[in-house]
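[1] the sequence and its predicted three-dimensional model are supplied below.
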Amino acid sequence: ILRQRLDLIYAGTPTDAVEDHALALVVQHHQLPRVFLDALVEGFEWDTQARAYDTLEQLHDYAARVAGTVGAMMCWIMGRQSSTTLARACELGVAMQLTNIARDVGEDARNGRVYLPTRWLTEAGLTVDQLLRQSDATPGVKAMVGRLLDEADRLYKRSYAGIAELPADCRAAILAAGLIYAEIGHQLRREGLDSVSRRTVVSTRRKLMLLVKIGRAHV
């Protein structure tokens, strides 16, 4: 159904739904490539199929669809359409998605979903069923959460180079989003990498401190 609605949007004849008309205006005004939206819809399809991801590379494929595409579309709409800048924007989206997955291991498991690479589980001597039944984070699970955050941090660092290429009035907001999301991972580390029995949040005070830091850097 979503693909059919995209067909109509790109044909210039969206359905009567308000959101379809809004997206049609964005598509027309910015000449937004459909490949981004098709990839996003594919990611949604993978979620409905409850796909498991054997390797970190496969998890990257998923994250690129459900989050990297969002970063790329924002970058495109901001007027920066070079392949390099789009790649950095995609990496920021993927980093955020990996942070989400690392933070929500327990919550996802309680909803019957496991996003951690299944090969990592095997290496830790765990099965998917065992993870779904766990109420506490074992050392093996904590190690996997740490590995996921390491990869997210690598991508955050790569993505920040692309922020300098964005329009001046967009940079601070995107940098703030990246730093605050990265801080979720830092806080999770400080709490011992337990994302099974608890859900890490960044305090409002810490967010404000990061925003002040960004503000000073952009004065």
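    Happy to help now that I have it. Residues are numbered from 1 along each chain as shown.

[2] how close does Gly12 sit to Gln28?
    Taking CB to CB, to the nearest Å as the measure, Gly12 falls 7 Å from Gln28. C-beta coordinates here come from the backbone N, C-alpha and C atoms, glycine included.

[3] okay, these two: which has more neighbours?
    Neighbours of Gly12 and Gln28, each counted by other CB atoms under 10 Å, are more numerous for Gln28; the result is 12 against 9.

[4] what separates the more buried one from Arg113, distance-wise?
    Gln28 sits 36 Å away from Arg113, taking CB to CB as the criterion.

[5] and what of Ile77?
    Counting by CB to CB, the gap from Ile77 to Arg113 is 30 Å.

[6] in terms of neighbours, single out the busier of these two.
    Arg113 (17 against 14).

[7] against Gln97, how distant is that one?
    Arg113 is 14 Å from Gln97, where distance means CB to CB.

[8] for Asp47, same thing?
    To Gln97, Asp47 is 12 Å away according to CB to CB.

[9] over to Thr69?
    11 Å.

[10] same check on Pro33?
    21 Å.

[11] look at those two and report which has more neighbours.
    More neighbours surround Gln97 than the other of Pro33 and Gln97, with 26 against 15 (other CB under 10 Å).

[12] per-residue pLDDT of the more buried one, please?
    We have a pLDDT of 98 for Gln97.

[13] which strands or helices does the host helix or strand of it pack on?
    For Gln97, the host element (DSSP states H and E) is helix 83-103. Helix 83-103 is packed against helix 56-63, helix 69-77, helix 139-163, helix 168-190, with contacts defined by 3 or more CB pairs under 8 Å, 6 or more residues apart in numbering; DSSP states H and E.
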